[in-house]
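> Here's a sequence, model it:
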Amino acid sequence: MAPSSPGHVVTRLRPARPEEGELVAGWRTDPQTEYETWGDPPPGMAHHESIPEPHGLAELLVTDGHDQPIGTVGWHQVLHGPNVASIALDIGIAIRPEFRGKGHGARAQRMVTEYLFRTFPVHRVQASTDATNLAEQKALERAGFVREGILRGAQWRLGAWHDLISYARLRDDA
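As a prediction, this is how the structure comes out:
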């Protein structure tokens, strides 16, 4: 995907190459913040037959101007109703700590959202982040997302339920 605007730190998105698979897998087993550390599920919820498995995750690498992988951005589908018109895409991002605070996250989320609107016939791209993750809230807003509300106790992480802040961009948002 195209780089960010001139005069800024360059951010690109691309598929991972086969030789980068081990690097990305290592990132998943080496969380860098509390927001990337999950822990065990709550008692009685480790596996339940009536809860369907989530749809598969699609993912791209986030790279800098030298094509160095600096993180990942991915998406999966969610349903907000029984028909295909109610499908939305939910995005998530993980930027390595040494590359945070430089604008890569906001640019990558804007770029992937524009890519998803060009590629898929969805009306809504959404994201959520922990209520205490102020940096990601600001990045989503810089990427054009609108804060919608609080999802109370929506995420189990590190032995406790956490509130999330929900955000979305609609196809017809400016």
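
> Show residues contacting stretch 122-131.
Here stretch 122-131 makes contact (Cβ atoms under 8 Å, 6 or more residues apart in numbering) with 35, 75, 78, 80, 85, 87-92, 109, 113, 116-117, 136-137, 140, 145, 150-151, 154-155, 157, 162-172. Using the backbone N, CA and C atoms, a C-beta is placed for each residue, glycine as well.

> Could I get the buried residue list for the helix or strand containing residue 27?
Element membership for residue 27 (DSSP states H and E) is helix 21-29. Neighbour-count burial for helix 21-29 flags residue 27 (criterion: 16 or more other Cβ atoms under 10 Å).

> how about the nearest residue to the residue nearest in space to the middle of the chain, chain neighbours excluded?
Compute the mean C-alpha point of the chain, and by Cα atoms, centre = their mean the closest residue is residue 92, 0.8 Å away. Closest residue to residue 92 apart from its sequence neighbours, by Cβ to Cβ, 6 or more residues apart in numbering: residue 74 at 5.7 Å.

> ranges for the strands of the protein?
Using DSSP state E, the strands of the chain run over 12-14, 58-63, 69-79, 87-95, 124-130, 146-157, 160-170.

> Make a markdown table from these and add mean pLDDT and distance to residue 101 to it.
A markdown table is the format used below for the strands of the chain (pLDDT from 0 to 100; distance: least, Cβ to Cβ, whole Å):
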| stretch | mean pLDDT | distance to residue 101 |
| --- | --- | --- |
| strand 12-14 | 95 | 18 |
| strand 58-63 | 94 | 14 |
| strand 69-79 | 93 | 12 |
| strand 87-95 | 94 | 9 |
| strand 124-130 | 97 | 16 |
| strand 146-157 | 96 | 21 |
| strand 160-170 | 96 | 19 |
